[in-house]
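K.L.:
sequence and predicted model, in that order:
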Amino acid sequence: MEIPNPQSKQSIYFNISYIIANEWPSNPMERLDFQKLLAQNQLDFPQSRAGLRDFTLVRTEPSHLLVKVASLGPRVSNLSLSSERPVHTLDFFVKEADTVCSSFHEIWLKKPTQIIQCGATIRHLYSCEEHAFKYLWEHRLDQDPQDFSFLGKRPVLGGGLRLIMPPIKEPDPIQIEIKIESFLQESKKIFVETVFVWPQPRLLPKNDKFDPANRLTKVEKYATSKVWEFLTKPTIQE
């Protein structure tokens, strides 16, 4: 059975998120200043929604981009940026994420601030010759399809793996979560989600910047090398 086609890789989701030891921006004038600053940097958001403890900016063209700031508790807020079904590359998302983070920093972080946690997520699709779950179950896991008879006379439409790896002791510990599943909307595609979480708090100096480029690049590199090697490793019998 052929491995998934590496040339078929399609990025379908990018996300970077920061949990910050800072009061959420409830002042509507400051939120307006934030939007103006983004517009000055060629980031216009036609849609905006403000709730009691959050606000969201949404753009659909030229590529989907969602920015959300929310309160997570007293003096703890979350800044999250995501792109569903992006039409551009990761580099394009990284550039826009850097603009959003820099603008957020300029408007609201007037003094050194603690970044409590950071997370980044990237999702890919790969094409298979046959049903993606058949590849995962029979080729990668070397399992017998007849085993499903124990579950009753029902067809199995899909399934996959979920792996969680805790942080290890290193200068910048990272928790990693990986999902590898057949994509239910298109049975011949494999869905791969790679999530990095940096749980170690760090102080963000007043003149320092967020680092979405560094973090997203690490996730992409891991997903397209280590995760890919795991996904396509031949079974012992082969």
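P.N.:
Everything's here; your move. Residues are numbered from 1 along each chain as shown.

K.L.:
the helix or strand bottoming out on mean pLDDT in the chain packs against which elements?
P.N.:
Counting by mean pLDDT, DSSP states H and E, the weakest-scoring helix or strand in the chain turns out to be strand 202-204, with a mean of 90. The elements that strand 202-204 packs onto, with contact taken as 3 or more Cβ pairs under 8 Å, 6 or more residues apart in numbering; DSSP states H and E, are strand 113-127. Any C-beta I mention is one placed from the backbone N, CA and C, and that applies to glycine too.

K.L.:
ok, which stretches of the chain are helices?
P.N.:
Remark: helices assigned in the chain by DSSP state H are 28-40, 90-108, 132-134, 212-222, 228-232.

K.L.:
which of those sits most buried?
P.N.:
Among those, ranked by average contacts under mean count of other Cβ atoms under 10 Å, first place goes to helix 132-134 (a mean of 22).

K.L.:
about what we covered before: got the helices of the chain as CSV, with mean pLDDT and distance to residue 200 columns?
P.N.:
Formatted as CSV, the entries for the helices of the chain read as follows, by pLDDT from 0 to 100; distance: least, Cβ to Cβ, whole Å:
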stretch, mean pLDDT, distance to residue 200
helix 28-40, 94, 28
helix 90-108, 94, 19
helix 132-134, 94, 36
helix 212-222, 96, 13
helix 228-232, 95, 25
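
K.L.:
can I get these in CSV with distance to residue 158?
P.N.:
Conversion of the helices of the chain to CSV gives the following (distance: least, Cβ to Cβ, whole Å):
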stretch, distance to residue 158
helix 28-40, 39
helix 90-108, 26
helix 132-134, 5
helix 212-222, 24
helix 228-232, 16
